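# predicted model, plus sequence, below.
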Amino acid sequence: CVCVWCCRVHVCTRTFPRYAGGGGLLQQCFLEYGRYRGLIQNERKGALVSVGTGDVTAYALESIEPRGKLFVGPGAKAYNGMIVGEHSREEDLEVNPVKGKQLTNIRAVGKDEFVRLTPPLLVSLDWALSYVKDDEMIELTPSSIRLRKRELDPARRRADMRKKKVQK
């Protein structure tokens, strides 16, 4: 027997605070007991996958941020296949978070503006365990928790996706 709530409690309590940014209020009330309905599906979009290796720059994140929610901030280390954010659409998107700004000798007033970014989402171990898909892995180090694709090479990842589409 399973308790039925007005919202799927596990999903709401895990994702609501992250997407409300601390500005929301979640209220729960018991509705009824019911039969077990199976596992709760992982309701998530695609991933923003890094195709560059090096230090993440604010300049690159400025163009990536409108495409989804970021898990890394400027100055973090990134490598090929690392998941740097959640895409706003269903499919994965390859991005270059280490792209630097091209410097020129020509200066213009207002050209070099200060980059404002929203703070990245903090990744905890329990959240990462419920977030990953079958083709992704969690990387634990004493200083950080990172998400990455199982296959780091972008060409092999695309070939594997094509094989899965043909098999379906």
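Received, thanks. Numbers count the residues shown, from 1 in each chain.

# which residues touch the nearest residue to residue 145 once chain neighbours are set aside?
Distances taken as C-beta to C-beta, 6 or more residues apart in numbering put residue 123 closest to residue 145, at 4.9 Å, once the chain neighbours are dropped. Where you see a C-beta, it was placed from the backbone N, CA and C, and this is true even at glycine. Residue 123 sits next to 71, 145-147 when contact means C-beta atoms under 8 Å, 6 or more residues apart in numbering.

# what about the helices in the chain?
Secondary structure of the chain (DSSP state H): helices at 9-20, 58-64, 125-131, 154-167.

# and of those helices, who's closest to residue 118?
Checking the helices of the chain against residue 118 by C-beta to C-beta gives helix 58-64 as the closest, at 9.7 Å.

# which residues are in contact with that closest one?
Residues outside helix 58-64 that contact it (C-beta under 8 Å, 6+ apart) are 48, 70, 72-74, 84-85, 95-101, 115, 117.

# where does the prediction get shaky in the protein?
1-30, 39-43, 107-113, 168 (pLDDT under 70).

# can you pull the buried residues of stretch 148-161?
Buried residues in stretch 148-161, defined by neighbour count with 16 or more other C-beta atoms under 10 Å: 148-149, 151, 157.

# what of stretch 133-150?
Neighbour counts over stretch 133-150 (16+ other C-beta under 10 Å) mark 136-137, 146-149 as buried.

# what's the closest of those to residue 78?
residue 146 (9.1 Å).

# my guess is that closest one contacts residue 132, does it?
No. Between residue 146 and residue 132 there is no contact under C-beta atoms under 8 Å: 11.2 Å.

# what touches both of the two?
Both residue 146 and residue 132 are in contact with residue 138, where contact means C-beta under 8 Å, 6+ apart.

# mind jotting down where the strands sit in this protein?
Counting by DSSP state E, one finds strands in the chain at the ranges 2-5, 30-34, 47-50, 54-55, 68-70, 77-78, 82-87, 93-95, 136-140, 145-149.

# I'd like those strands as JSON lines, with distance to residue 106 appended.
Output for the strands of the chain, formatted as JSON lines (distance: least, C-beta to C-beta, whole Å):
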{"stretch": "strand 2-5", "distance to residue 106": "60"}
{"stretch": "strand 30-34", "distance to residue 106": "65"}
{"stretch": "strand 47-50", "distance to residue 106": "31"}
{"stretch": "strand 54-55", "distance to residue 106": "26"}
{"stretch": "strand 68-70", "distance to residue 106": "31"}
{"stretch": "strand 77-78", "distance to residue 106": "30"}
{"stretch": "strand 82-87", "distance to residue 106": "31"}
{"stretch": "strand 93-95", "distance to residue 106": "28"}
{"stretch": "strand 136-140", "distance to residue 106": "42"}
{"stretch": "strand 145-149", "distance to residue 106": "39"}
